[in-house]
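Novice: I would like to see how this sequence folds:
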Amino acid sequence: MNNFLVNNLSEIRKDFSITKKKIYLNNGSIAPMSLSTIKSITDFLFRYSEEGPDSVSISSFIENIKSELRLRISHLINCLPEEVIFTQSTTEGVNYVANGMDWKKNDGIILRGGTHEHYANYLPWLYVSHRKKIKIHELNIDQNGFFDFSDLESILAKQNRIKLISLSHALYNNGSIMPINQVGKIARENNVLLFVDAAQSVGSIKVDVKEMGCDILAFPAFKWICGPLGIGILYCNNRIKDLIRPLFVGGESATYEKNKLVLNKCPERFQAGYRNYPGIVGMETAARYLLRIGIDNIRSHHLRLSKLFKQELERIQSIKLHCVENENEKTSIVSFSSNKIDSKLIVDKLYANGIILAERNIFDKTIVRSSPHFYNSEEEIIQTCNSIKKILN
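Specialist: Next up, the predicted model:
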């Protein structure tokens with residue numbers, strides 16, 4: 001394990017109050033906030049009420065914290081601060097793009113498909129395809145969610161109306177990391193936009209939009225960043241910002257000059273109306289917390305915990321793992337099932353013992369998903385595996 005987390009894990013765990021009562025291994029769904037993040041939100045709310053919501057001091061603070069969050073995010077994903085748009089969630093970010101692009105009949109989108117993809121990165125495209133009469137082309141995928149590049153290149157060669165490829169960076173159900181860098185190269189060669197759902201990657205693994213070659217990327221605060229609900233990020237490369245029209249227009253996103261509506265520059269043109277300022281405050285604190293630990297340190301810790309989890313589960317005869325073998329191709333997520341007990345029952349029994357995992361699906365198979373984060377410990381992994389053994393016996 002890296003020295004930072006060896007030396008600081010006990011202190012970090014004190015900052016996550018859930019560790020006192022539960023073993024929480026469901027960070028891929030909604031992660032808990034640190035006490036530091038919670039305090040930053042409550043401090044803001046008190047100050048907001050005491051100084052006056054529409055006062056000079058609060059307005060100045062809000063402008064500063066928005067700039068600070070954009071700066072933190074630019075460091076997290078290697079982009080420009082002005083390319084950072086505030087949303088409510090990943091889902092809203094996907095919908096910004098799906099409904100904001102100028103689609104023509106018979107335009108095409110390439111997806112991984114709804115049987116193995118998170119609905120947030122499938123249903124918006126399905127919805128817009130019905131409304132705009134555009135075509136969805138689904139990639140063939142294997143049991144771990146990976147696709148063959150020849151399949152992608154074949155679709156691009158045969159279909160000359162493809163406008164966008166949309167992929168998850170890391171999969172929500174088994175943690176597989178998609179080869180986004182290679183896809184980005186193919187997309188650029190074919191003059192096709194690349195949208196990336198990074199809900200399961202930002203805060204968990206390295207995300208570099210320049211290396212990836214993606215044009216648009218969305219993620220929330222409430223997963224691996226350990227931030228609050230109701231705030232997310234949409235990265236939009238300056239090069240393609242004019243290809244997406246704002247879904248909403250208001251006083252903060254446009255002006256009315258000489259009988260003409262004029263959109264503001266990015267990112268303000270996508271920020272109609274007031275934002276979730278408590279959420280922005282919380283996400284800024286959480287992102288700063290994450291950057292202080294370091295993504296490389298988090299990644300090393302994740303790999304150690306997931307490797308331990310897999311090793312312990314492999315000792316249980318009735319357990320089948322549902323994740324890729326190569327550690328470099330997966331996040332901290334470890335998914336499994338048992339041929340003795342239904343996955344839902346395993347999750348329910350673990351919950352009764354104060355251990356929180358999730359029930360998810362891979363194709364038509366119901367599995368148990370564990371998603372440990374930087375504040376989780378090896379002892380928690382061992383205790384969880386011992387509880388699983390008892391349940392199965």
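
Novice: only C-alpha atoms for contact and neighbour calcs from this point on.
Specialist: Noted.

Novice: what residues are up against Val94?
Specialist: Under the criterion of C-alpha atoms under 8 Å, 6 or more residues apart in numbering, the contact list for Val94 reads Ala120, Asn121, Pro124, Asp197, Ala218.

Novice: closest to Asp102 among these?
Specialist: Closest to Asp102 out of these is Pro124 (14.9 Å), distances taken as C-alpha to C-alpha.

Novice: shouldn't the closest one be in contact with Ala98?
Specialist: Yes - here Pro124 reaches Ala98: they are 6.4 Å apart, a contact under C-alpha atoms under 8 Å.

Novice: picking that back up, ok, the contacts of Val94 vs Asp43, which is closest?
Specialist: Within the contacts of Val94, proximity to Asp43 (C-alpha to C-alpha) peaks at Ala218, which comes in at 28.0 Å.

Novice: Below-threshold pLDDT in the stretch 51-200 of the chain: ranges please.
Specialist: For the stretch 51-200 of the chain, applying pLDDT under 70 flags no range at all.

Novice: all strands for the stretch 51-200 of the chain, in order.
Specialist: Counting by DSSP state E, counting those that start in this stretch, the stretch 51-200 of the chain has these strands, from start to end: 84-87, 108-111, 135-138, 162-168, 193-197.

Novice: Could you measure from the closest residue to Tyr48 other than its chain neighbours over to Phe336?
Specialist: Residue nearest to Tyr48 in three dimensions, not counting chain neighbours: Ile58, with 6.4 Å by C-alpha to C-alpha, 6 or more residues apart in numbering. Plainly put, Ile58 is 49 Å away from Phe336 if you go by C-alpha to C-alpha, to the nearest Å.

Novice: Which one's more surrounded, the two?
Specialist: Phe336 (21 against 18; other C-alpha atoms under 10 Å).

Novice: which neighbours does the helix or strand where that one lies have in its sheet, and in what orientation?
Specialist: Secondary structure assignment for Phe336, by DSSP states H and E: strand 334-338. Paired with strand 334-338 in the same sheet, following DSSP bridges, are strand 319-321 (antiparallel), strand 365-370 (antiparallel).

Novice: Quick one: closest of those to Cys266.
Specialist: With C-alpha to C-alpha, the closest approach to Cys266 among these belongs to strand 365-370: 38.2 Å.

Novice: for whichever helix or strand comes after that closest one, packing partners?
Specialist: Past strand 365-370, heading to the C-terminal end, the next element that is a helix or strand (DSSP H and E) is helix 378-392. Using 3 or more C-alpha pairs under 8 Å, 6 or more residues apart in numbering; DSSP states H and E as the contact criterion, the elements in contact with helix 378-392 are helix 295-314, helix 343-352.

Novice: Could you find the closest non-adjacent residue to Asn361?
Specialist: Excluding its sequence neighbours, the residue lying closest to Asn361 (C-alpha to C-alpha, 6+ apart) is Ile367, at 5.7 Å.

Novice: partner residues bridging that neighbour?
Specialist: Beta-bridge partners for Ile367, by DSSP bridges, are Arg360.
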